[in-house]
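Trainee: just to be clear, the model below is a prediction. Sequence and coordinates:
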Amino acid sequence: MSETHEPEPRIEVHEDRDDLAVAVAGELVARLVDAQADGGVPQIALTGGSVADAVHRELTRLTEESETGGEVDWSRVVIWWGDERFVEPASPDRNERQAREAFLDQVDVDPAHVHPMPSTESAESAEAGAAAYAEELRTQGSGAFEIVMLGLGPDAHVASLFPGYPQLDLDDVAVAVHDSPKPPPERITLTLPCLNRARSVWFVVSGDDKADAVALAMADGTDVHDAPAAGVSGQEETIWFLDRAAASRL
Ligand code: 6PG
């Protein structure tokens, strides 16, 4: 997957998960404020998982306490997701629900700018949902996300791209996943080519149980089929935001 445009990834190590979430949320706010300064309406992709949840809560906290004049205008940020669990919309398994509770419902987003992936209520199948989301991205997306945030699984999965799974070789925009090794089994995910059109890709990873996956994903020559994270990089930058434990095998 390596392409000549890829800049070297940058690694930022923070003390623990809380420090990591504070740093990532702060950096995201700074980037969005910059992108909006000249009238831009940045498009970002969120992920699920416990670290993403900590980042979302910190974004809410920053927004609530911000009196600096440098805050983000959340009504001018467009929100997408890198992957989603294909379940009922109200299910606690939904990445969307997690993000809404911790963050999107707490800040002043424009509902028309929030693009959740389809659920079992809005699509007949994960395939139909993936096709609908791809169409939504084609018609309402900017063509490239400003920033894609990704968690990392202990098996080096990102979004819902799992080691050895056929979705790694698909180049549609969004695709269905069945029999995910991490429950729930039915999912929708953006593909590697779609993620790789992003200007910035941020991996946000905490914990000792991720240290081997981080090291494998970052090692030269790692096959994307063994470590899907090895196949994702931004057009302009790739940053690995880690805590000490996640960085301990680098
Ligand atoms: C999912 C998530 C997944 C997650 C990682 C990291 O749908 O399962 O999108 O890719 O980001 O597994 O999760 P943690 O932050 O909880 O370790």
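Mentor: Done, it's in.

Trainee: list the contacts for residue 245?
Mentor: By Cβ atoms under 8 Å, 6 or more residues apart in numbering, the contact set of residue 245 is 16, 206, 207, 208, 210, 211. To be clear about C-beta, it is placed using only N, CA and C from the backbone, and glycine gets the same treatment.

Trainee: can you select the buried ones among the residues you listed for me in ChimeraX?
Mentor: For the buried members of these, the matching ChimeraX selection, counting by 16 or more other Cβ atoms under 10 Å, is:
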select :206,207,210,211
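
Trainee: return the closest of the contacts of residue 245 with respect to residue 185.
Mentor: Using Cβ to Cβ, residue 210 comes nearest to residue 185 of the contacts of residue 245, at 22.1 Å.

Trainee: so how far is the ligand from that closest one?
Mentor: 7 Å (Cβ to the nearest ligand atom, to the nearest Å).

Trainee: and for residue 173?
Mentor: Residue 173 is 17 Å from the ligand, by Cβ to the nearest ligand atom.

Trainee: quick one: residues contacting that residue.
Mentor: 133, 134, 137, 138, 190, 191, 194.

Trainee: can you tell me the element the second one falls in?
Mentor: Element membership of residue 134 [criterion: DSSP states H and E] is helix 126-140.

Trainee: got the buried residues for that helix?
Mentor: Buried-residue list, helix 126-140, by 16+ other Cβ under 10 Å: 126, 129, 130, 131, 132, 133, 134, 136, 137.

Trainee: just checking: what are the partner strands of the very next helix or strand once past that helix?
Mentor: The first helix or strand that comes after helix 126-140 along the chain, using DSSP H and E, is strand 147-150. Strand 147-150 has its sheet partners listed here by DSSP bridges as strand 43-46 (parallel), strand 200-205 (parallel).

Trainee: put the alpha carbons of the shortest one into CSV.
Mentor: Extracted in CSV, the C-alpha atoms of strand 43-46 (Å, rounded to 0.1, in the frame of the first residue of the first chain):
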residue,chain,number,x,y,z
GLN,A,43,-15.3,17.6,7.2
ILE,A,44,-14.0,15.1,9.8
ALA,A,45,-14.6,11.4,10.4
LEU,A,46,-15.1,10.0,13.9
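
Trainee: looking at the buried residues of helix 126-140, which is nearest residue 10?
Mentor: Using Cβ to Cβ, the buried residues of helix 126-140 come closest to residue 10 at residue 137, 26.7 Å.

Trainee: surely that closest one touches residue 80?
Mentor: Yes. Residue 137 is within contact range of residue 80, at 7.0 Å (criterion: Cβ atoms under 8 Å).

Trainee: wait, does the lengthiest helix in the chain contact the ligand?
Mentor: When the chain is parsed with DSSP state H, its longest helix is helix 17-37. No. Under the criterion of Cβ under 6 Å from any ligand atom, helix 17-37 makes no contact with the ligand; the nearest approach is 9.1 Å.

Trainee: now that helix, how far from the centre of its chain.
Mentor: 14 Å (Cα atoms, centre = their mean, to the nearest Å).

Trainee: return the set of buried residues in that helix.
Mentor: 17, 20-25, 27-29, 31-33, 35-36.

Trainee: likewise stretch 188-196?
Mentor: 188, 189, 190, 191, 192, 194, 195, 196.

Trainee: over to stretch 229-248?
Mentor: Of the residues in stretch 229-248, those buried (16+ other Cβ under 10 Å) are 229-235, 237-248.

Trainee: before we move on, what about stretch 211-221?
Mentor: For stretch 211-221, by 16+ other Cβ under 10 Å, it's 211, 212, 213, 214, 215, 216, 217, 218.

Trainee: now do stretch 174-186, average pLDDT.
Mentor: Mean pLDDT, computed over stretch 174-186, is 97.

Trainee: so what's residue 14 bridging to?
Mentor: Assigned bridge partners for residue 14, using DSSP bridges, are residue 243.

Trainee: report how many residues lie close to it.
Mentor: 19 (other Cβ atoms under 10 Å).
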